[in-house]
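Q: sequence below, structure please.
(2 chains)
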There are 2 protein chains.
Amino acid sequence: MVIAGGEPRGVMWIGADEVAGGGPAIRSMNPRTRIPLEPAYRYGVADEVERAASLAEKAFDEFRTTSAEQRAVFLETIASGIDTAATDLIERAHLETALNHTRLQGEVTRTSNQLRLFARELRSGLWQGVRIDGARPDETPQRPELRQRRVPLGPVAVFGASNFPFAYSVAGGDTASALAAGCPVVVKAHDAHLGTSELVARIVRAAVEECALPEGTFSVLVGDGPDLGIRLVVDPRIQAVGFTGSRSGGLALVKAAAGRDQPIPVFAEMSSVNPVVLFPGALDAGARALATAFVESLTLGAGQYCTNPGLILGIDGPGLDAFVETAAAAVSADGGAVMLSPNISDAYRSACERTASGDGVTELARGTSADANTSAAVLYTASGVDFVANPGLRSEMFGAASLVVRCRDIAEIDEVLRSLDGQLTASLHISTPDDREFAAAILPVLERLAGRIVFNGWPVGAAVGHGIVHGGPFPATSDSRTTSVGSLAIDRFLRPVAYQDAPAELLPDVLRDDNPEHVWRRIDGQLQPPASETGRPVSARLEVVR
Amino acid sequence: MVIAGGEPRGVMWIGADEVAGGGPAIRSMNPRTRIPLEPAYRYGVADEVERAASLAEKAFDEFRTTSAEQRAVFLETIASGIDTAATDLIERAHLETALNHTRLQGEVTRTSNQLRLFARELRSGLWQGVRIDGARPDETPQRPELRQRRVPLGPVAVFGASNFPFAYSVAGGDTASALAAGCPVVVKAHDAHLGTSELVARIVRAAVEECALPEGTFSVLVGDGPDLGIRLVVDPRIQAVGFTGSRSGGLALVKAAAGRDQPIPVFAEMSSVNPVVLFPGALDAGARALATAFVESLTLGAGQYCTNPGLILGIDGPGLDAFVETAAAAVSADGGAVMLSPNISDAYRSACERTASGDGVTELARGTSADANTSAAVLYTASGVDFVANPGLRSEMFGAASLVVRCRDIAEIDEVLRSLDGQLTASLHISTPDDREFAAAILPVLERLAGRIVFNGWPVGAAVGHGIVHGGPFPATSDSRTTSVGSLAIDRFLRPVAYQDAPAELLPDVLRDDNPEHVWRRIDGQLQPPASETGRPVSARLEVVR
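A: Next up is the predicted model:
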């Protein structure tokens, strides 16, 4: 019996077993003090990957044939466990990440809400993608009856992210959507928050037991990314991968997955500079308010968001001057913040130096850092011409740094946008009819550029729901056809299967004539609500539909 | 003005231009006589790829913003053109492929029906995947309004297949689904039916002009696969690839696409042996009838179907003996058929020799070939133990060859099925309650193995409709999450985009409150029919839904 809550004990979970790995010792670090935190963990090695993958494979057939209701209850049990343990979880995460309590409380709520969203999605049945085409024996050639539903891919490897110890980690969006789909999950915990990961893993394990699910439904490994991480991705039992992190890390997984005998999909959310276009009318109407909101958004959580506004585009003029002046003053006043880990703050410094050394780049303002462990915001500027000529400026600076690109006119803004790589978000601030006209002209460019287009707002944060897209063209993600936030994310882990002329007693419930799961279905292409189907055989409905 | 119909002239189409390529001359061959057919074509080279891709990119923004109705009419115009030209098309295809007129007439009908299916799918609006989450300003954090739809990926490269000169070629399923999605298409015609490809291309070009679509909406290139084919896939403007063909060909495209600076999805349908399980009761009830139907299915179109039944599993006993005896007699009586091309008949012979040389494999029967250009059916047998021990036997023999695996018991059938690679189809013949019990036990294995499970039938043919899945786990396809036949195939070429807090006048029509396109939408997660929305603002509906 797993007792959730309490202190971390320095273990990973391989199925029901608490295990210390066979590799070297590792500790998460308090990024404020740079002092390693207890307890020590030990990296997993080949044997631990083997056991976790083997258990996941063994669990798959039983887990995938649980009912949607059973999996919904499982997700809700995890959600309740997380809410109940929130205080302990937040305390540990605060130690390990230096993120503040308010932010972490919000993230915990987001995480349990996300699990509950997938529980609701499971109950809606829409994820099953049911389609039924009736037989047409009178046609030439005769058409068989075809009934389609979606089934899960198999065990999924999930890589915890550094910047969201809850929402994109052990029980985060990738895990929630994979479990919802019916895929066992093996998580690689992020080194930066091993204690938090263990505590959350304990909650998920307790839920596995409480819901009497097969042992291999869920494991969490601690390990070296290039070693254990790659081993996990190339394990033949793993059938898909979810990842949020750096571009280099994501691409390494994509490459490993593509090199397998059986290639598998990798859903890697990697990097984005999230361009924000300030149109002239919006600047005229309130450049200083925009600048204040911008710097608040930029410095939130030390800028450690994939959707951080790292690139501001505007047309030269007094409005942009006022925006820059106010933004520079706010950035100068930034007292800095402790970043998630020494690695990340080192990478932030390097990225800023790279930008600063770009041709035509000027530093507009820089906050003050109390000490070596604190990173402050930085604001740069460059002309549109210099930006386009200097591809290095297109790369993400992960942290509270942004680059204001001063353009001559709307055509140059268009040119800058077209020079960018794929993005998670693109934002527009508009106010006047002229702005709207410019925006309409530029919208097609943004639709091709990004997964989410934000109007008169800042891109940080991705509301968990049905409408959200947290995805986008490469290199924002490795697969633009999906999202890693929101209910649509379940699609990543499902594939369609058709049953041709199946006898009624061998049909999965969801495909039966009497629709006992009460789901929406496409009957001969026509969407049919559950209520309209009750008690009538499909053949009778087909008469009506045709 | 393009005049459709008439004789092939030895050209490819780059946008509106009829072009002879800059590479070496090539002719399709009459596979009956092995005499090259007029006219000669010339392979395209880098310059032709460059122009076609450039035109496709130039066309994309205009084409993707055509209305669903405009694209539906475009597809219907192509369909009518194909139906009208059917006689000429079939005559030329018969010369180039040796497929008989009945089969080719069926394929032409299938092809125009497929185009019309996507026209209906476009009008249904379901492909747009609309989701609207209302704003919730009272929540903490405030939730923005999010409206999601799907947009096309960009220009798509389609590779024509040798075995379906219409349905999987120039205006086949990949082209129809990509054009439906709003993606310009660049086809590489298959060398085996260049004249047919040109005639179909002329019809599509005429439809492009008739519908006043941008020139680059559609091009067809003639070229060497490893040269022009790879150039096309690595062209940075191409955003997805559709392919039906050999495993080696498909994997070469997958590798090329993965090696790009920006990796792109490849939907390759490659190889499948399509196992068929004959359960004891079904064999007892009618082994000889099953055998007759089996050999009919096996030899249809010289066995040149991706879904050809290449592997038969049964339990040793008098039922299986009777099946084998009748099947062997029917195979012996097979007079052979001319295959699609000398390359394919050579590959068929090699594949048969590879199987024949496998440990424990016995040749049961072989048809007679009138001459060197005719290939006849072959039937082999092996024990379950030998099959499992000999991985070479799992590979496809493209043509009318099949292997009967005699198993000791149901457990050995299970073992054989688990040893297989991913498949397009898996079939079951069942009759008695015992059979159904066995089938129920084995169904989970089949669901993991294949994209389509056929009961009491033969797998050849994939009915074009909404319920069909023509896909399956690797290496049946390179992406099991989709299908290359049926309306679901449009999903391959779309990606979601979310609009956050967009002003009404900047929203795409399909996301507007008044739902002018009358499509089904998910409002706060609840599916809403078009009719229920008329005239009411989304905000009003949200009150009801919550």
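Q: pull the CA atoms of stretch A:381-397 into PDB?
A: The C-alpha coordinates for stretch A:381-397 follow below in PDB (Å, rounded to 0.1, in the frame of the first residue of the first chain):
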ATOM      1  CA  THR A 381      17.100  46.400 -29.800                       C
ATOM      2  CA  ALA A 382      18.000  46.100 -33.500                       C
ATOM      3  CA  SER A 383      16.600  47.300 -36.800                       C
ATOM      4  CA  GLY A 384      14.500  45.100 -39.000                       C
ATOM      5  CA  VAL A 385      17.300  45.100 -41.600                       C
ATOM      6  CA  ASP A 386      19.800  43.900 -39.100                       C
ATOM      7  CA  PHE A 387      17.400  41.300 -37.700                       C
ATOM      8  CA  VAL A 388      16.800  39.800 -41.000                       C
ATOM      9  CA  ALA A 389      20.500  39.700 -41.900                       C
ATOM     10  CA  ASN A 390      21.400  38.000 -38.700                       C
ATOM     11  CA  PRO A 391      19.800  34.500 -38.300                       C
ATOM     12  CA  GLY A 392      21.400  34.100 -34.800                       C
ATOM     13  CA  LEU A 393      18.900  36.600 -33.500                       C
ATOM     14  CA  ARG A 394      16.000  34.200 -34.200                       C
ATOM     15  CA  SER A 395      17.000  31.800 -31.500                       C
ATOM     16  CA  GLU A 396      15.300  31.700 -28.100                       C
ATOM     17  CA  MET A 397      16.900  33.300 -25.100                       C
END
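Q: show me where the stretch 1-150 of chain A has helices.
A: Taking DSSP state H, counting those that start in this stretch as the criterion, the stretch 1-150 of chain A carries its helices at A:46-64, A:68-84, A:86-97, A:101-124.
Q: would you turn these into JSON lines with distance to residue B:173, mean neighbour count and mean pLDDT?
A: Where you see a C-beta, it was placed from the backbone N, CA and C, and this is true even at glycine. Shown next, in JSON lines, are these (distance: least, C-beta to C-beta, whole Å; neighbours: other C-beta atoms under 10 Å in any protein chain shown; pLDDT from 0 to 100):
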{"stretch": "helix A:46-64", "distance to residue B:173": "29", "mean neighbour count": "21", "mean pLDDT": "98"}
{"stretch": "helix A:68-84", "distance to residue B:173": "31", "mean neighbour count": "21", "mean pLDDT": "98"}
{"stretch": "helix A:86-97", "distance to residue B:173": "49", "mean neighbour count": "21", "mean pLDDT": "97"}
{"stretch": "helix A:101-124", "distance to residue B:173": "30", "mean neighbour count": "21", "mean pLDDT": "97"}
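Q: which one of the ones you listed lies closest to chain B?
A: helix A:46-64 (5.4 Å; C-beta to the nearest C-beta).
Q: got the residues of the stretch 101-250 of chain A near chain B?
A: Contact residues (C-beta under 8 Å from any C-beta of the partner chain) of the stretch 101-250 of chain A with chain B: A:106, A:120-121, A:124, A:126, A:129, A:131-133, A:141, A:143-148, A:151, A:153-154.
Q: so which of those belong to strands?
A: The members of those that map onto strands under DSSP state E are A:131, A:132, A:133, A:146, A:147, A:148, A:151.
Q: does the fifth one really touch residue A:497, like I thought?
A: No. Applying C-beta atoms under 8 Å as the test, residue A:147 and residue A:497 come out as separate, 9.5 Å apart.
Q: gap between residue A:452 and chain B?
A: Taken as C-beta to the nearest C-beta, to the nearest Å, the spacing of residue A:452 relative to chain B amounts to 4 Å.
Q: can I take it that that residue is in a helix?
A: No. Read with DSSP: H, G, I helix; E, B strand; the rest coil, residue A:452 is strand and lies in no helix.
Q: hey, what's it bridged with?
A: Beta bridges link residue A:452 to residue A:425, residue B:498 when assigned by DSSP bridges.
Q: count the neighbours of it for me.
A: Residues near residue A:452, counting by other C-beta atoms under 10 Å in any protein chain shown, number 31.
Q: contacting residues for the residue nearest the centre of chain A?
A: The structure's chain A has its C-alpha centroid closest to residue A:484; by C-alpha atoms, centre = their mean the separation is 3.9 Å. By C-beta atoms under 8 Å, 6 or more residues apart in numbering or on different chains, the contact set of residue A:484 is A:168, A:173, A:174, A:177, A:242, A:244, A:267, A:269, A:470, A:471, A:477, A:492.
Q: which of the residues you listed fall in strands?
A: A:242, A:244, A:267, A:269.
Q: what about the stretch 301-450 of chain A, any weak spots by pLDDT?
A: Of all residues in the stretch 301-450 of chain A, none has pLDDT under 70.
Q: now do the strands in it.
A: A:311-315, A:337-338, A:362-366, A:374-375, A:378-383, A:401-407, A:423-429, A:450-455 (DSSP state E, counting those that start in this stretch).
Q: tell me the helices and strands packed up against the last one.
A: When contacts are defined as 3 or more C-beta pairs under 8 Å, 6 or more residues apart in numbering or on different chains; DSSP states H and E, strand A:450-455 sits against strand A:423-429, helix A:433-449, strand B:494-500.
Q: would you list the strands of the stretch 301-450 of chain A in a markdown table and tack on distance to residue B:303?
A: Shown next, in a markdown table, are the strands of the stretch 301-450 of chain A (distance: least, C-beta to C-beta, whole Å):
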| stretch | distance to residue B:303 |
| --- | --- |
| strand A:311-315 | 57 |
| strand A:337-338 | 68 |
| strand A:362-366 | 70 |
| strand A:374-375 | 66 |
| strand A:378-383 | 64 |
| strand A:401-407 | 61 |
| strand A:423-429 | 49 |
| strand A:450-455 | 45 |
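Q: looking at the stretch 401-546 of chain A, what residue ends up closest to chain B?
A: Here the stretch 401-546 of chain A gets closest to chain B at one residue, residue A:467, 3.3 Å apart by C-beta to the nearest C-beta.
Q: re earlier: which of the ones in strands among the residues of the stretch 101-250 of chain A next to chain B lies closest to residue B:97?
A: For these, the residue nearest residue B:97 by C-beta to C-beta is residue A:146; the value is 27.7 Å.
Q: what score does the residue lying farthest from the centre of chain A have for pLDDT?
A: Computed with C-alpha atoms, centre = their mean, the maximum C-alpha offset from the centroid of chain A is found at residue A:138, amounting to 49.0 Å. Note on residue A:138: pLDDT of 88.
Q: the stretch 151-300 of chain A: strands as residue ranges?
A: Under DSSP E, counting those that start in this stretch, the stretch 151-300 of chain A gives strands at A:156-159, A:185-188, A:218-221, A:240-244, A:266-269, A:275-278.
Q: report the buried residues of the last one.
A: Which is strand A:275-278. For strand A:275-278, a neighbour-count test (16 or more other C-beta atoms under 10 Å in any protein chain shown) marks A:275, A:276, A:277, A:278 as buried.
Q: which single residue of the stretch 51-200 of chain A ends up nearest chain B?
A: Counting by C-beta to the nearest C-beta, the stretch 51-200 of chain A gets nearest to chain B through residue A:146 (3.3 Å).
Q: isn't residue A:215 up against residue A:14?
A: No. Contact criterion C-beta under 8 Å: residue A:215 and residue A:14 do not qualify, at 9.2 Å.
Q: what touches both of these two?
A: residue A:55.
Q: with neighbour numbers in mind, choose between the two.
A: When neighbours are counted by other C-beta under 10 Å, residue A:215 and residue A:14 differ, and residue A:14 comes out ahead with 26 against 19.
Q: residues touching the closest residue to residue A:470 other than its chain neighbours, list them.
A: Excluding the flanking residues, the one nearest residue A:470 by C-beta to C-beta, 6 or more residues apart in numbering or on different chains is residue A:485, at 3.6 Å. Taking C-beta under 8 Å, 6+ apart, we find residue A:485 in contact with A:114, A:173, A:462, A:464, A:468, A:469, A:470.
Q: how does it look with 7 Å?
A: Taking C-beta atoms under 7 Å, 6 or more residues apart in numbering or on different chains as the contact definition, residue A:485 lies against A:173, A:462, A:464, A:468, A:470.
Q: kindly report the same for residue A:100.
A: For residue A:100, no residue meets the contact criterion (C-beta under 7 Å, 6+ apart).
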